Structures are given as C-alpha cells and as structure tokens.
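1. sequence plus predicted model, see below.
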Amino acid sequence: MCLVTMCLRNCNRDCNKVYGWSFFGTDFNHKKLKKGNEELEYWLTRMLSPKLNLGFYDLFIEGKRVILLEIEKASIRPVSFKGEEYIRIGSNKQKLKMFPEKERILWKKFENLSFEDGIAKTMLSIPEVFELLDYQPYFKLSNLRLPPEGEIINKLISEDLIRKNEAGKLDITNLGAVLFARNIEYFKSIKRKTVRVILYSGKNKIEGSKETEVKTGYALAFETIVNTINNMIPANEQLGDLYRKNVPMYPVIAVRELVANALIHQDFSIRGTGTMIEIFSDRIEITNPGTPIVDSTRFIDSPPKSRNESLASYMRRIGLCEERGSGFDKVVFQTEFYQLPAPLVEVTEEHTRVVLFAHKDFKEMAKEDKIRACYLHACLKYVNRDYLTNTSLRERFGLKQNEISKVSRIIKETLELGLIKFKDPNTSPKYYQYLPVWA
C-alpha cells in the first residue's frame, strides 16, 4: 500500500469519525477537460512561472475513485499563475504583493535553497536506489574501494546523493540524479537535462545532421560526451618531421573545459531545455540554459562562482572541471596557441552560448573577430601579470614583423571601443603597453 493511499484512508476514517463526513469518490476526468483548445494539464503548466511538474494520478480506495494532483514544490522563487503570485491567509487566497512582509520572508527562505538539495525521487528501497543510480563509478571516480551494500548507502548519504526520509525510506536528491542517474529521463526534475551532440554537414542547420543524445548522469557521461564530440570533429592533417599526423580542428582542452562549464553552470530551473553541443563545418556552439551569474566579458578574471556549487564542487573533486575558476583562461590560451579566432560568448534571454571557430587566416577574420581577440589577449596577459603590446598581439595572430601596422590598427580600434586602455599613456609609443579597461 502506497503512502498516499494510507494517508487518504486515514483521512477518510478520521474525518468521518470527527465530522460525520462521507467518502463518495469522484467522476472528475482531467484527460477530457480542456481550457480553450488546450488540454487541462498543459494549460495549467503553461500558466505557471517558473514551470513546475504536475501529475494527475487515478487511485481506487475502498472501491471509490480518487484523483490525486501532485504539484512539485517551488524551489527558486514563489510561483506565479498568469503572472500573479498568491498566498493563503487563513482560508482566503490573496495576492502576495499585498503582504510585503510575508513576501520578504518567502524570498529569504528561497535564498537558502539550491537545486541540488531538491528531491528527484522519493520513498525508495535500497534495490530501487541501486536500480536508478549507477553507484559503482562513484567509488571508482573517488578512488575508493567498493564497500559492502550497507556501507554503500551510508557513503551515498554522506555525499548527499541520497537521504533517509521520515518514513524510513530513501530519497534520491537532484544532485545524486544529475551526477549518477542510469537514465536522466527517469527523474521528472531533470528529465530534459540530457546532453545532445549534433553534427551538421555544413555551416547551418538546414543541411543534414547526425545526433547523439547522452542520457546518463554527468559524472558517468562526461568522458563519453567529450569523446563523442572529438570523434565528430574533423581533423587536419599535418606533416611532421618523419610522418603525417591528424590534429583536431579544435583544441581538446578547450572543448573539455567548455563542456564542463556548460553542464555545471546551467540553470536547472529553466525547464524543457538542456545542454546542447552543435558542430558545424566552421565552428562549434556549446549552449546551456541560464544566463551567466558574472559578466560574460569578465569570464577570465572573475573568481570561481557557480549557481550549482555542490555539483561544481564534486565535478572539481573528481577532476572533470577546473578547480580554481581558470577554465575560460585555458580556452582563450588554447585558441591563441593554435592561432584560432577568439571564442565568442553570446547571452540570450534564457541561454548562454560559447562559440569556438575553426582556423581562419588573419585576412579572413572580420573586424569584430580581431577586436575580440585583442581584448581577450589583454585580459589573458593581465591575469598572468603581463601586458598586451604590439609585439605580443602580432605573435598572437601569427603575423610577420613587417605587418606591425595591421596590429596597430586593431589596437587603436579596440581602444576607441573602450575595451582596453594604456598602462602609461605618457611613455613613448614604441613602448606602449595596454590593460583591459576594467583593470
């Protein structure tokens, strides 16, 4: 007998005893009800912000039909219906904005909640936990021996991957599910957070494509995702001293860091979308739900910060992402080392996209590509206790000594846009050094 059935039976018995109520059941059918031309469940979900998981369940208790509506609890902010937030005062429903003190208390509670703390599956037995979570790789990634079954559960609890609940059963946290799910789609809270890798045959999405969807938890899937991308990326053939060798079109380290960042820094509250890696003939686009919590122009110098700190902490601990917040520094360094166009960060209303470009000769780069490269070069130099100069930027672009005027023009245009500044404008132009404008 499930917990819900027990509660309803007890409620029926107690209410009948105390209040003289009778339990009749219902003929309500949510599947046939519509709001306009929309199904009731879809319409209800569409009216909510942020979107919550809703579920209708048919139950028969003592021969009577009961409909149970399960509503996911709010996790990041009060939920609005048709753009309005409500609160119950006694037996009355009131608009939340009419009670600013209660609203302040609510927001304060949400400040202490994180996605990872939420529950992905509840009321599970030990075998059910093992069926849903692939726990063995946890011990391998953590460099621990595999202990007996009882100790396995205790270790997973200590990592907050699972919890014991008040009913004596086990709950899987969102953290546990997103890291070690055998299949992410088994969990409502992260159902659409699988990772898609799409290969297009040309420069746009119109031409044919090949898609791979990785559905396991991120700790299990990370190497698979990176290997899938690297296997899809074309390789350039280079002639070495004794033999020819294939070199990936994009630096492996840069791809790895960007994938890790996309997984870790995504906003899990945005439903219906997950991390996507799109490979075109001339670029890779890595997109994750959520806008950055630091200025995108300051990725290089900003201290490490994540909206999913528990997820980030674990991924750092097992070596899948950068511990000191220098992941984007590596991306910029690698693109400079291979003399690729500078990476591009695009922020939309609900997503962050980072673009890596295939090699272009200097003369093929657009003006904005050269200016972006100049700014990021200044940032990278500064965080390494150095300064941008005409010579350093010329070397970054792989230009010859007699092409110094081309570099001077780029520096001038970047200065005019207010992205960099002189370290000392009073020195001789021959010795000019430059800083990012925020330095």
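-> In hand now; what should we look at?
2. count of residues packed around Ile404?
-> 14 (other Cβ atoms under 10 Å). In this view, the C-beta of every residue, glycine as well, is placed from N, C-alpha and C.
3. ok, and for the helix or strand where it lies, which residues are buried?
-> Following DSSP states H and E, one finds Ile404 within helix 404-416. Residues of helix 404-416 classed as buried: Lys406, Val407, Ile410, Ile411, Thr414, Leu415 (neighbour count, 16 or more other Cβ atoms under 10 Å).
4. need the residues you listed in JSON lines with distance to Lys205 and pLDDT, can you?
-> Formatted as JSON lines, the buried residues of helix 404-416 follow (distance: Cβ to Cβ, whole Å; pLDDT from 0 to 100):
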{"residue": "Lys406", "distance to Lys205": "34", "pLDDT": "95"}
{"residue": "Val407", "distance to Lys205": "36", "pLDDT": "95"}
{"residue": "Ile410", "distance to Lys205": "32", "pLDDT": "97"}
{"residue": "Ile411", "distance to Lys205": "36", "pLDDT": "97"}
{"residue": "Thr414", "distance to Lys205": "32", "pLDDT": "97"}
{"residue": "Leu415", "distance to Lys205": "37", "pLDDT": "97"}
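5. what's the closest of those to Leu54?
-> Leu54 lies nearest to Thr414 out of the buried residues of helix 404-416, by Cβ to Cβ, at 51.0 Å.
6. list the residues that contact that closest one.
-> Ile371, Cys374, Tyr375, Ala378, Ile420 (Cβ atoms under 8 Å, 6 or more residues apart in numbering).
7. again, only this time at 6 Å
-> Ile371, Cys374, Tyr375, Ile420 (Cβ atoms under 6 Å, 6 or more residues apart in numbering).
8. which element is Arg104 on?
-> helix 100-111.
9. same question, Thr335
-> Assigned by DSSP H and E, Thr335 falls in helix 327-337.
10. list the buried residues for the helix or strand following that helix?
-> Next along the chain after helix 327-337, taking DSSP H and E as the criterion, comes strand 344-347. By 16+ other Cβ under 10 Å, the buried positions in strand 344-347 come out as Leu344, Val345.
11. quickly run through the sheet partners of strand 344-347, with directions.
-> strand 351-357 (antiparallel) (DSSP bridges).
12. what mean pLDDT does the strand it pairs with get?
-> Averaged across strand 351-357, pLDDT comes to 96.
13. and the angle for the first helix or strand past that strand going along the chain with strand 351-357?
-> Once the chain leaves strand 351-357, the next helix or strand it forms, by DSSP H and E, is helix 367-383. Angle between the axes of helix 367-383 and strand 351-357 is 100 degrees (criterion: axes from the mean of the first three to the mean of the last three Cα atoms, to 10 degrees).
14. mind listing what's buried in helix 367-383?
-> For helix 367-383, using 16+ other Cβ under 10 Å, the buried residues are 369-382.
15. and for stretch 150-161?
-> Residues Ile152, Ile153, Lys155, Leu156, Glu159, Leu161 are the ones in stretch 150-161 that count as buried (16+ other Cβ under 10 Å).
16. again, but for stretch 188-200
-> Lys188, Ser189, Ile190, Lys191, Lys193, Thr194, Val195, Val197, Ile198, Leu199, Tyr200.
17. pull the CA atoms of it into PDB?
-> Only the C-alpha atoms of stretch 188-200 are listed here, as PDB (Å, rounded to 0.1, in the frame of the first residue of the first chain):
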ATOM      1  CA  LYS A 188      11.000  14.400 -13.500                       C
ATOM      2  CA  SER A 189      13.100  17.300 -12.100                       C
ATOM      3  CA  ILE A 190      15.900  16.700 -14.700                       C
ATOM      4  CA  LYS A 191      14.000  14.800 -17.400                       C
ATOM      5  CA  ARG A 192      15.000  17.300 -20.200                       C
ATOM      6  CA  LYS A 193      18.600  17.800 -19.000                       C
ATOM      7  CA  THR A 194      20.100  15.100 -21.200                       C
ATOM      8  CA  VAL A 195      23.100  16.300 -23.300                       C
ATOM      9  CA  ARG A 196      22.600  16.500 -27.100                       C
ATOM     10  CA  VAL A 197      25.600  16.400 -29.500                       C
ATOM     11  CA  ILE A 198      24.600  17.300 -33.100                       C
ATOM     12  CA  LEU A 199      26.800  17.200 -36.200                       C
ATOM     13  CA  TYR A 200      25.700  19.300 -39.200                       C
END
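18. from the middle of its chain, how far away would it be?
-> 11 Å (Cα atoms, centre = their mean, to the nearest Å).
19. now it: average pLDDT?
-> The model assigns stretch 188-200 a mean pLDDT of 92.
20. what's next to that stretch, contact-wise?
-> 53, 120, 174, 177-178, 184-185, 207, 209-215, 225, 228-229, 232, 272, 274-280.
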